[in-house]
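Asker: sequence and predicted model, in that order:
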Amino acid sequence: MHTLGFDFKPWIAKKSIADGPSIKAYIEETVQEYGLSSKITLNQKVISAAWDSASALWSVQLQTGDHTQEIQCRFLQLCCGYYNYDSAYKPEYPGEDRFHGPVIHPQFWDPEFDYADKRIVVIGSGATAVTLVPSLATKAGKVTMLQRSPTYMVSRPSQDGIANALRSFLPNSWAYNLTRIKNIGLQQFIYQRCRKFPEQAKHRIIDMLRPLLPAGFDVDKHFTPSYTPWEQRLCLVPDADMFDAIKSGKADIVTDTIAHFDESGISLSSGTHLEADVIVSATGLELLFLGGIEISVDGIALDAPNRFVYKGCMLSGVPNMTYAMGYTNASWTLKCDLTHRYFNRLVTYMDAQGFRYFIPQEPVNKDNTEGFLDLNSGYIKRHEHELPKQASESPWKLHQNYFKDWWMFKRDPRKERGLTFE
């Protein structure tokens, strides 16, 4: 939370790896402290946004229940993330209709669902599964994480000892900023080392897990991925809670593929059968770029795959629009902070110069293009064809590096490369 939190609002709770209710309370406190509630409208869905160059305005269609309305604005900022909140990724399991118990996707979890003493199989090995397994194990009879292939996992304490120590003799804002700088630097250092020395990083990560698991546990089979670190995201295990659940016998891991469901559970390709009362399909999320909003520029629908990203927050040829897209190798909001501060400086400059709109241009060299995100995770590969592309040079390239972005976003708008004003 020292890097996920707002840079202007210190996180002062002891736990730095926080749960959902704590994060929600932090956001609500920020809204109240800065008087933002009057600037936030809830329970509305943005359907479309159309740019008109003649008026230099966006026309935005909103829907509330059965009622629709249109509002206009000079600038449009899309802070929708990149996930589809209406649907999730769930494979078609052979024989699923034969299973007598519920098959649940975590994205649509019913908080009233009673799983006490149930035998639960959690399908998946990503962050959702790693979070669910120890949580479910506290009440369930037995939890089994069924994974097709392993994921890199690292354990960290939920409390940042340095942050808590600094707060004991420094003002909260000082302690927060020092911890923030320390953690950003540490995140970037670890990421760069992993990409530069992948085999060393692989062995180091796996060796760190061995003492946390029962003696004789097959670490090579269940915790050794076929890829190198940061080709996909690493999973964080707070306070080693999942490993503790495995050691206690309340949870275990099976690495295998599904042959089919049956009445009492899952039959695996190896011939093993997993008995289950409940099956949780923690198989990932669906990507949805720009919230699925229908965007058009002067009557022409936006074709995102044929656009270039600009500074990781704009699209070539789309005037007066920015989007908030965070890092895949660090806290999401770090990039969002940089993006919004840059946007504020940009608008201030435009107002002072009398400009009505900006237009990001395409790079001159369009031969060497890259995918939007430099990860090969399944949820990205499934939707790669729907995403814009990046070039091989800045400012059309995503750095995934906070310090490089900090410097790039500091550039004087008058000296911007590839950004024109009208």
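Answerer: Yep, that arrived.

Asker: so in the chain, where's the weakest helix or strand by average pLDDT?
Answerer: In the chain, no helix or strand scores lower on mean pLDDT, DSSP states H and E than helix 378-381, which sits at a mean of 72.

Asker: which strands or helices does the helix or strand following that helix pack on?
Answerer: On the C-terminal side of helix 378-381, the nearest following helix or strand under DSSP states H and E is helix 402-409. Here helix 402-409 touches helix 172-196, helix 332-353, going by 3 or more CB pairs under 8 Å, 6 or more residues apart in numbering; DSSP states H and E. Any C-beta I mention is one placed from the backbone N, CA and C, and that applies to glycine too.

Asker: list the buried residues of helix 402-409.
Answerer: 402, 405, 408-409 (16 or more other CB atoms under 10 Å).

Asker: next one: stretch 364-377 to chain centre, how far?
Answerer: In terms of CA atoms, centre = their mean, to the nearest Å, the centre of stretch 364-377 is found 19 Å from the chain centre.

Asker: span of that stretch from start to end?
Answerer: By CA to CA, to the nearest Å, the extent of stretch 364-377 from end to end equals 30 Å.

Asker: ok, and what's touching that stretch?
Answerer: Contacting residues not belonging to stretch 364-377 are listed as 227, 230-233, 308-309, 328, 380, 384, 387-393, 397-398, 400 [CB atoms under 8 Å, 6 or more residues apart in numbering].

Asker: list the buried residues for it?
Answerer: Judged by neighbour count using 16+ other CB under 10 Å, the buried positions of stretch 364-377 are 371-373, 375, 377.

Asker: quick one on the thing from earlier: out of the buried residues of helix 402-409, which comes closest to residue 62?
Answerer: Minimum distance to residue 62 across those is 30.1 Å, recorded for residue 409 (CB to CB).

Asker: my guess is the closest one meets residue 344, correct?
Answerer: No: counting by CB atoms under 8 Å, residue 344 is not a contact partner of residue 409; they are 10.8 Å apart.

Asker: just for the stretch 251-400 of the chain, where's the confidence low?
Answerer: For the stretch 251-400 of the chain, the stretches flagged by pLDDT under 70 are 374-376.

Asker: which one of the buried residues of stretch 364-377 is nearest to residue 251?
Answerer: Residue 251 lies nearest to residue 377 out of these, by CB to CB, at 23.7 Å.

Asker: look up how far residue 242 lies from the closest one.
Answerer: Distance from residue 377 to residue 242, counting by CB to CB, to the nearest Å: 20 Å.

Asker: kindly report the same for residue 53.
Answerer: Using CB to CB, residue 53 is found at 53 Å from residue 242.

Asker: ok, now residue 79?
Answerer: Relative to residue 242, residue 79 is positioned 31 Å away (criterion: CB to CB).

Asker: so which of the two has more stuff around it?
Answerer: Using other CB atoms under 10 Å as the criterion, residue 79 and residue 242 rank with residue 242 on top: 27 against 12.

Asker: for that one, give me its contacts.
Answerer: 130, 133-134, 153, 251.

Asker: mind listing the strands for the stretch 101-250 of the chain?
Answerer: Using DSSP state E, counting those that start in this stretch, the strands of the stretch 101-250 of the chain run over 103-104, 119-123, 142-147, 153-156, 235-238.

Asker: mind putting those into TSV with mean pLDDT?
Answerer: Shown next, in TSV, are the strands of the stretch 101-250 of the chain (pLDDT from 0 to 100):
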stretch	mean pLDDT
strand 103-104	94
strand 119-123	97
strand 142-147	96
strand 153-156	92
strand 235-238	91
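
Asker: format these as a markdown table; extra columns: mean neighbour count and distance to residue 259.
Answerer: Putting the strands of the stretch 101-250 of the chain into a markdown table (neighbours: other CB atoms under 10 Å; distance: least, CB to CB, whole Å) gives the following:
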| stretch | mean neighbour count | distance to residue 259 |
| --- | --- | --- |
| strand 103-104 | 18 | 16 |
| strand 119-123 | 24 | 13 |
| strand 142-147 | 23 | 12 |
| strand 153-156 | 17 | 26 |
| strand 235-238 | 18 | 26 |
